[in-house]
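**Q** Sharing a sequence plus its predicted fold:
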Amino acid sequence: MAEEADKQWADEKFKSLQSFQPARKVDAESVELGGEGDHASFEHQIEHSPKLSDVAVVIKQLFADLGVDWLTKLQMARVLPQYYDYLKFICVAELIRVHRMPPAQAIVLAEIAVGVALDGEGRIEGIAVIGKAETNEEAKAKTGLGLP
Amino acid sequence: MVVNNQPVDQADIRLYNGDQRQGKSTAAMASAVDDSYEQMTALVSPDGVITRARGLVLADKAILEKAGRRANVVKYARVFSDDGSESKLVEIPKGYTIQTPVKIFANFHIYGLPNAAFVSLVDIVENMNTLLFNNSWILLDDAGTTNSRRSMEGLGKLGGEFYLTIGKRHAHLCVMSQYVGAIEKWLRLAQTTLYQCTYDKQSKYITVDVTRRGEPQFSTEFWAPTYWPFFDTDEIVKTLEGRIDKAVAPFYK
C-alpha cells in the first residue's frame, strides 16, 4: 500500500518536472548528406556488431597494438633467426622514412614485432590459447560444466 | 534495450568517454532515444491525432532488411488500425512525435520526446530516497556535476551513494566525460560499461568502442545526425549557482 503511494508520488513528481519541446531542426547540409539515406539506429548496430570472443580478447592482449598496422600483424608471422637482423633493419628504416618516427621509438617497436615473431613464438602462443579454449569448450560440452 | 522490472544481470552504469566534440552526448542520447522509440505506444501527428503504433521488433527489422532498408527505430514504426486487426510498417512522417512510457532525466534539455525532464545533481540527491528515478534513463553530460574534485562535498558523497543503487532502481545511468579521472570516484568504481567515442566529420559517423568491466567487447558505428534533433550539441551544462556564488564570494568582501 505504501509502495503504491510512493509510486503515485513519483509519477506526480515526474509530471511536475517533465516538459515537452518539439524536436530541433538540424541544419540542411547535414540532413542532405545522408538524412534521406538509410542508417541503422545505434542500438540495432550494437546488437549486430560482432562481439569479440574470449579467444579474441586474449589474442588482443597478447599482441600489443604497435600503432602501425603491418607492424602489429608482423607479430603473428614466423621469422627465421638468420633473417632477424635484416628484417629488423628493414622495419626500422621503413618506420623512420615513411612513418616519420624517432629512431629510438622505431628501433624499440621493430624489436618488439620481430622479437615476438622470432621462430613463430607469437603464433605458437596464439595457437596454444585457441587450443586451450577448444579443450575447455569440449569439456563443457561433455560434462555440461566449465573447467574450474 | 528495454527498461522493465525484470532482474538485470548487472547494473547499467555507462561512461561515455572521448575528446570534445567526439560524440559522447550523441551516443548516450542515442541509447535513450532508441529505447523510447522501441517502446512507443502511439504516433502523434502535428495536429494532435493519435495513431496506435509500436516500435520495431525483430520481425519488422527482418522485413526492412529484406527490402534493402536499414533497421532504424527512429525512422520506422508499425501502425495499427483502430480495431487493431490490421497493421502496416511505415516510415514515420516528419513532424510526428511519439507516446512512450520511457522516462528520461537529463542535465541538458531534450527535444521531441514526451517523457523527458531536466534535472541537476541537486534534484537527484533531493529525490534519492524516492522511486522517482526507477525504470528510467539518467543522462549526465559533462563531469561538472559529478566531479572527482568535489567528492568530499555533501553532494558528491550522496551522489556516490545514489550511483550504487542504480541496479536496484532498474535504471540506466549514462555519464559523459572527457576524462575518466574527472569523474566522481564511486561512479568510476560502479561503472560497468565504457563507451569510447570518436566522431568522423566527413561521414558524420560516430565510432564507439565498448569495454565491459575492463574487457574490450566490440566496436560499432552509427550516423550521428539521426539523434541531433533530440538535443542541442552546443548546450553548455550549467554549473550549479550555489557553487559559483561560493567561489566568487571571497572577492566581494
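**A** Perfect, I can see it now.
**Q** What ranges does the chain have for its helices?
**A** Going with chain A. Assigned by DSSP state H, chain A shows helices spanning A:2-17, A:28-34, A:42-48, A:54-62, A:69-74, A:84-97, A:103-117, A:121-143.
**Q** not what I meant, chain B
**A** For chain B, the helices defined by DSSP H cover B:24-38, B:58-66, B:121-126, B:154-163, B:166-169, B:185-190, B:241-248.
**Q** so which of these comes closest to chain A?
**A** helix B:24-38 (3.6 Å; Cβ to the nearest Cβ). Bear in mind the C-beta positions are built from the backbone N, C-alpha and C, glycine included.
**Q** Give me the mean pLDDT for that closest one.
**A** Across helix B:24-38, the average pLDDT comes to 94.
**Q** Can I get that helix in PDB, CA atoms only?
**A** Extracted in PDB, the C-alpha atoms of helix B:24-38 (Å, rounded to 0.1, in the frame of the first residue of the first chain):
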ATOM      1  CA  LYS B  24      29.800  11.400 -26.300                       C
ATOM      2  CA  SER B  25      26.500  13.100 -25.800                       C
ATOM      3  CA  THR B  26      25.100  11.800 -29.100                       C
ATOM      4  CA  ALA B  27      26.000   8.200 -28.200                       C
ATOM      5  CA  ALA B  28      24.400   8.500 -24.800                       C
ATOM      6  CA  MET B  29      21.300  10.200 -26.200                       C
ATOM      7  CA  ALA B  30      21.100   7.600 -28.900                       C
ATOM      8  CA  SER B  31      20.600   4.800 -26.400                       C
ATOM      9  CA  ALA B  32      17.800   6.600 -24.600                       C
ATOM     10  CA  VAL B  33      16.100   7.700 -27.800                       C
ATOM     11  CA  ASP B  34      16.200   4.200 -29.300                       C
ATOM     12  CA  ASP B  35      14.700   2.800 -26.100                       C
ATOM     13  CA  SER B  36      11.900   5.400 -26.200                       C
ATOM     14  CA  TYR B  37      11.100   4.700 -29.900                       C
ATOM     15  CA  GLU B  38      11.300   0.900 -29.400                       C
END
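**Q** circling back: so which of the helices of chain B is the most surrounded?
**A** helix B:24-38 (a mean of 26; mean count of other Cβ atoms under 10 Å in any protein chain shown).
**Q** Using TSV, lay out the helices of chain B together with distance to chain A.
**A** Below are the helices of chain B laid out as TSV (distance: least, Cβ to the nearest Cβ, whole Å):
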stretch	distance to chain A
helix B:24-38	4
helix B:58-66	7
helix B:121-126	8
helix B:154-163	15
helix B:166-169	11
helix B:185-190	21
helix B:241-248	18
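**Q** so what's B:Phe80 up against?
**A** Each residue near B:Phe80 by Cβ atoms under 8 Å, 6 or more residues apart in numbering or on different chains is listed here: B:51-54, B:86-87.
**Q** So which bits of chain A are right by chain B?
**A** A:6-7, A:9-10, A:13-14, A:17-26, A:30-31, A:33-35, A:38-46, A:49-52, A:57, A:60 (Cβ under 8 Å from any Cβ of the partner chain).
**Q** Which among these count as buried?
**A** For the residues of chain A next to chain B, a neighbour count by 16 or more other Cβ atoms under 10 Å in any protein chain shown gives the buried set as A:10, A:13-14, A:17-18, A:23, A:26, A:34-35, A:39-46, A:52.
**Q** lowest-pLDDT helix or strand in chain A?
**A** Counting by mean pLDDT, DSSP states H and E, the weakest-scoring helix or strand in chain A turns out to be helix A:28-34, with a mean of 47.
**Q** Which pLDDT does the model give B:Asp232?
**A** Value for B:Asp232, per-residue pLDDT: 91.
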